[in-house]
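# build me a model from this:
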Amino acid sequence: MDEDLDSFTLSICRLGGENGSDFACAFLKVFLNKDSSKTPTFKEITYIRLLKKDLSNSCSATFGLLEELSQYDFLEEFKNFANSDNTELAKFPLIYEFTKFRIWSIIVHQQKLERLFNCYDIKVYPNMDTQLQESRIQLACSDSRVQDISQEIL
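Presented below is the predicted three-dimensional model:
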């Protein structure tokens with residue numbers, strides 16, 4: 001998930017990743033205008049650029065993160081997480097709970113959708129014989145409704 005993404009919906013998922021503290025620093029800088037106490041990393045600079053791009057494109061859904069940051073305890077823990085070299089979310093219980101219930105579910109649903117589309121996006125190569133093409137389609141579809149696959153259907 002480290003390539004450029006166009007929507008903030010997916011950008012926020014980075015909070016639960018291995019570079020979560022860099023994303024937290026970038027989020028604090030862009031949304032709350034708070035600077036980190038550490039030198040910005042390349043990832044943080046990239047995240048700042050992505051978040052600013054999202055805001056300029058009117059993509060500002062934070063899935064409740066801004067609301068949570070209005071609570072003092074959560075804000076302090078978020079700042080500590082952002083300034084920490086330790087990216088273990090379990091050591092930051094408020095952020096862990098937020099990530100577990102608000103962020104990771106997005107990732108799980110995204111993976112389910114990708115699997116659904118990948119099931120129907122079967123690559124067929126020109127050097128594959130007809131029987132192998134038919135077998136690949138039948139194996140990819142777990143639905144028993146697909147019965148007779150022929151070259152005409154391909």
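# neighbours around Thr130, how many?
Using other CB atoms under 10 Å, Thr130 is surrounded by 12 other residues. Using the backbone N, CA and C atoms, a C-beta is placed for each residue, glycine as well.
# per-residue pLDDT of it, please?
As predicted, Thr130 sits at a pLDDT of 75.
# do Gln71 as well
At Gln71, pLDDT is 94.
# and it, how far is that from Glu18?
26 Å (CB to CB, to the nearest Å).
# likewise Glu68?
Counting by CB to CB, the gap from Glu68 to Glu18 is 21 Å.
# quick one: which of the two has more around it?
Glu68 (19 against 11).
# quick one: contacts for that one?
Phe74, Phe78, Leu94, Phe98 (CB atoms under 8 Å, 6 or more residues apart in numbering).
# repeat for Phe74
Contacts of Phe74 (CB under 8 Å, 6+ apart): Glu68, Leu94, Ile95, Phe98.
# next SSE after the helix or strand of the chain with the lowest mean pLDDT?
The weakest-scoring helix or strand in the chain, judged by mean pLDDT, DSSP states H and E, is helix 8-11 (a mean of 56). Downstream of helix 8-11, the first helix or strand assigned by DSSP states H and E is helix 20-32.
# beyond that next one, next helix or strand please.
Following helix 20-32 in sequence, per DSSP H and E, is helix 42-56.
# send me that following helix as PDB with only the CA atoms.
Taking Å, rounded to 0.1, in the frame of the first residue of the first chain, the C-alpha atoms of helix 42-56 are listed here in PDB:
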ATOM      1  CA  PHE A  42      10.900  10.700   3.200                       C
ATOM      2  CA  LYS A  43       7.700   8.700   3.900                       C
ATOM      3  CA  GLU A  44       6.300  11.600   6.100                       C
ATOM      4  CA  ILE A  45       7.000  14.100   3.400                       C
ATOM      5  CA  THR A  46       5.300  11.900   0.800                       C
ATOM      6  CA  TYR A  47       2.300  11.500   3.100                       C
ATOM      7  CA  ILE A  48       2.100  15.200   3.600                       C
ATOM      8  CA  ARG A  49       2.000  15.700  -0.100                       C
ATOM      9  CA  LEU A  50      -0.700  13.000  -0.600                       C
ATOM     10  CA  LEU A  51      -2.900  14.400   2.200                       C
ATOM     11  CA  LYS A  52      -2.600  18.000   0.800                       C
ATOM     12  CA  LYS A  53      -3.500  16.600  -2.600                       C
ATOM     13  CA  ASP A  54      -6.500  14.800  -1.100                       C
ATOM     14  CA  LEU A  55      -7.700  18.000   0.600                       C
ATOM     15  CA  SER A  56      -7.300  20.000  -2.600                       C
END
